[in-house]
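Engineer: Here's my sequence, what's the structure:
(chains A and B)
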Amino acid sequence: MAGSPSRRAATAKIIGHDGEQTGPVYKITIGRPDINVREHGAVINARMGLNTWAAFAGTDADAMVAGDVAMLEHEVTPVLKALCANGLNIVAIHHHMTDVQPVVIFLHYYGTGPAAKLAAGVRSAVDLLGKAPSSR
Amino acid sequence: MVWLRRAAICMTVAVGLLWPGVVRAQEMPGEYKTVLTALGKGGDFKDGVLKVNIPRSDLRVTINQRPAPTPFGFGGWIALTKGSDGEDYWPRR
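Structural biologist: Numbering: from 1, shown residues only, chains lettered A, B, ... in the order given. Coordinates of the predicted model:
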């Protein structure tokens, strides 16, 4: 099962962050402490919605993943390419917070397949976050 | 208490963050306990944020005919935190 202790540990290791098991779902939430966003003076931290997450369910061989990626603008295209290259479907790209600097864009994704492959796909996107824009 | 009504309004049923899981709760401010009472929901207080999940466990969602669990984003949530002026704010999502 995707929710077995061994699978949870394997998924956490691949993605580089621990998660929480809730029923059949193992969910990893990753903050963006590198992004300092405030609204009306209130700090918008991971618990206020500034986070990337990945929720896994199913079996090792036939898992599914759904999640969200919190990105700066220059991260959008690289993350899109990484997720697509790993067979993960892009479900939505949108804003949640408006009139904040820096601009934060959220991307939802969904995919099915072997749990380890899905986790590797998520990791490929996570690895792109928090890096300076490359000169193109 | 206007902000209480605003908090109730900010419930969003969207693909969003759910189930923060078990966290080590800080001492919850009394006013946030009042919020939970007003909402009739449980919540936790950590990192200066009151968080209340509103899972749509009444829904049976499928993706390509495959059942999708509620924590895949099928629910709303409310978060409250203090601004620099002491007022409470919630994220617009």
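Engineer: Now do the SS call for the closest residue to A:Lys131 other than its chain neighbours.
Structural biologist: Closest residue to A:Lys131 apart from its sequence neighbours, by Cβ to Cβ, 6 or more residues apart in numbering or on different chains: A:Glu75 at 7.6 Å. In short, each C-beta sits where N, CA and C put it, glycine included. Assigned by DSSP: H, G, I helix; E, B strand; the rest coil, the conformation of A:Glu75 is helix.
Engineer: Give me the sheet partners of the lowest-mean-pLDDT helix or strand in chain A and which way each runs.
Structural biologist: Ranked by mean pLDDT, DSSP states H and E, the weakest helix or strand in chain A is strand A:38-39, scoring a mean of 88. In the sheet, strand A:38-39 lines up against strand A:42-43 (antiparallel) (DSSP bridges).
Engineer: any low-confidence regions in chain B?
Structural biologist: Scanning chain B for pLDDT under 70 picks out the ranges B:1-25, B:91-93.
Engineer: and with 50 instead?
Structural biologist: Residue ranges of chain B with pLDDT under 50: B:1-23.
Engineer: got a pLDDT number for the residue nearest to A:Lys131?
Structural biologist: At A:Glu75, the predicted lDDT confidence score is 98.
Engineer: Would you mind measuring from A:Phe106 to A:Arg123?
Structural biologist: Distance of A:Phe106 to A:Arg123, computed by Cβ to Cβ, to the nearest Å: 18 Å.
Engineer: More neighbours: those two, which one.
Structural biologist: Set A:Phe106 next to A:Arg123 and count neighbours by other Cβ atoms under 10 Å in any protein chain shown: A:Phe106 wins out with 22 against 19.
Engineer: beta partners of the more buried one?
Structural biologist: For A:Phe106, the beta-bridge partners under DSSP bridges are A:Ala70, A:His94.
Engineer: List the residues that contact it.
Structural biologist: Listed by Cβ atoms under 8 Å, 6 or more residues apart in numbering or on different chains, the contact partners of A:Phe106 are A:Asp68, A:Val69, A:Ala70, A:Met71, A:Ala92, A:Ile93, A:His94, A:His95, A:His96.
Engineer: Give me the neighbour count for the second one.
Structural biologist: Other residues near A:Val69 number 28, with proximity taken as other Cβ under 10 Å.
Engineer: cool, and the third one?
Structural biologist: A:Ala70 is flanked by 23 other residues according to other Cβ under 10 Å.
Engineer: Retrieve the pLDDT associated with it.
Structural biologist: Note on A:Ala70: pLDDT of 98.
Engineer: What separation do you get for it and B:Gly75?
Structural biologist: Using Cβ to Cβ, A:Ala70 is found at 18 Å from B:Gly75.
Engineer: what does A:Ser4 give?
Structural biologist: Distance of A:Ser4 to B:Gly75, given as Cβ to Cβ: 25 Å.
Engineer: how about stretch A:36-53: buried residues?
Structural biologist: Residues A:37, A:39, A:42-53 are the ones in stretch A:36-53 that count as buried (16 or more other Cβ atoms under 10 Å in any protein chain shown).
Engineer: No further questions, thank you.
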